[in-house]
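Asks: have a look; sequence and predicted model below, questions after that.
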Amino acid sequence: MATVHLRFYSELQDCLPASRTRRGAGGFDHAFGGQVSVKDMMESLGVPHTEVDLILANGDSVDFSYRVRDGDRIGVYPRFESIDVGPILRVRPRPLPTLRFVLDVHLGKLASFLRLLGFDSHYRRDFEDESLAHLSYTERRVLLTRDRGLLKRSQVTYGYWIRETSPRLQLMEVVRRFGLWDKLEPFSRCLRCNEKIRPVPGEEVASRLLPRTREHYREFRWCPQCERVYWKGSHHDRMQDFLEEVVASAQPGRSCRGKSPGG
C-alpha cells in the first residue's frame, strides 16, 4: 500500500469529509493502491474536477492525468482571484466567450433569479443527470448544481458546486464566484422560459391585460416564446430593490439600479 500527502486549499475543503480536514488545517496522508490518477483520487475524496484550478505534485504543476506515486506531496488549489498564475499550467479550461448556465432540478428559484439579472439560464424540472451533463458539454454552459457527484462526470468541463441553500444567498454566491458585476442586464429576459424579451406597443397586447393595467401603464415588454407580458408595476420596484440588495451584498459599492427592463 502506497501513501500520498494531500492538501486541499481554501474552499476546496468544503468538499472533503469532516473526518479528513477542516478549513485552516494542514494536509493529511492518504493510503492508496494501484495506478491512480490525481483526478480520480481527489474525486474519490469528494472534490469535483470542475472546482480545481491548479495541482502541484512535489512543487511541479501537473494535469488531471498525473499518476500519483508513493511519497508524493500534492497540493490542490481552487480558482485564483487575486494572484496571477498565468505562467503556471492550470487544469481549468479556457474561459467561455459567453457565460451561460444550465441548472439542476433543485435550483429552479436560482434559475429565475439569474434570468432576472439577464443571464441565459437553462432549467427544466424534469432534467436528468445525463441530460444536464450533455447540455453543459454540447452547449458550453456552466453546470450549476448542489450535487457534487454530477460534476464528477467526465463530460462536464464547466461546472460549479453551489454551497448555499437559500436561493438569495445562492445568487450572491454565483454573482461573486463568476465576477458578474459588469455583465448584468436586469429585466431583459423572460423569467418563465429564459427567452429575451422585447418592447411591444400596448395595443398589441391589450387583450392580455387587465383594465387597470391598460389604464395606468404605457410601456410593455413581451416574450416571443411564451407570450408573457411585462410592465413596470409595483412588482418591478420590489425586484429592483431585491437586485440592489443582492449586488450590494455580493460586492459593496456596485449597483444595478438605473437599469430599465430590457436594458
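Replies: Arrived safely, thanks for sending.
Asks: show me where pLDDT drops low in this structure?
Replies: For the chain, residues meeting the criterion pLDDT under 70 lie at 21-25, 81-89, 251-263.
Asks: just the helices in it please.
Replies: Secondary structure of the chain (DSSP state H): helices located at 38-44, 108-116, 129-138, 148-151, 167-177, 202-205, 211-216, 234-250.
Asks: counting by contacts, list what the last one packs against.
Replies: This points to helix 234-250. helix 108-116, helix 167-177 (3 or more CB pairs under 8 Å, 6 or more residues apart in numbering; DSSP states H and E). Every C-beta, even on glycine, is put in place using the N, C-alpha and C of the backbone.
Asks: for residue 205, what are its contacts?
Replies: By CB atoms under 8 Å, 6 or more residues apart in numbering, residue 205 lies in contact with 220, 222, 229.
Asks: if we can go back for a sec, could I get the helices and strands packed on helix 234-250 as TSV with mean neighbour count and distance to residue 160?
Replies: Listed next are the helices and strands packed on helix 234-250 as TSV, based on neighbours: other CB atoms under 10 Å; distance: least, CB to CB, whole Å:
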stretch	mean neighbour count	distance to residue 160
helix 108-116	21	11
helix 167-177	19	6
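Asks: nearest to residue 249, out of those helices?
Replies: Closest to residue 249 of the helices and strands packed on helix 234-250, according to CB to CB: helix 167-177, at 5.6 Å.
Asks: contact partners of the closest one?
Replies: Against helix 167-177 from outside (CB under 8 Å, 6+ apart): 79, 107, 109-110, 113-114, 117, 144, 160, 162-164, 180-181, 242, 246-247, 249-251.
Asks: at 6 Å instead, please
Replies: With CB atoms under 6 Å, 6 or more residues apart in numbering as the test, helix 167-177 has contacts from 109, 110, 113, 162, 164, 246, 249, 250.
Asks: look up how far residue 147 lies from the fourth one.
Replies: Spelled out, it's residue 162. Counting by CB to CB, to the nearest Å, the separation of residue 162 from residue 147 is 9 Å.
Asks: likewise for the first one?
Replies: In this structure, residue 109 and residue 147 are separated by 16 Å, where distance is defined by CB to CB.
Asks: the second one now?
Replies: Noted for residue 110: a distance of 14 Å to residue 147, by CB to CB.
Asks: ok so, going back, redo the helices and strands packed on helix 234-250 as TSV? Include distance to residue 12.
Replies: Listed next are those as TSV, based on distance: least, CB to CB, whole Å:
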stretch	distance to residue 12
helix 108-116	22
helix 167-177	13
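Asks: where along the protein do the strands fall?
Replies: Counting by DSSP state E, the chain has strands at residues 2-8, 28-32, 54-57, 60-62, 73-77, 101-103, 121-122, 142-145, 159-161, 198-200, 220-222, 229-230.
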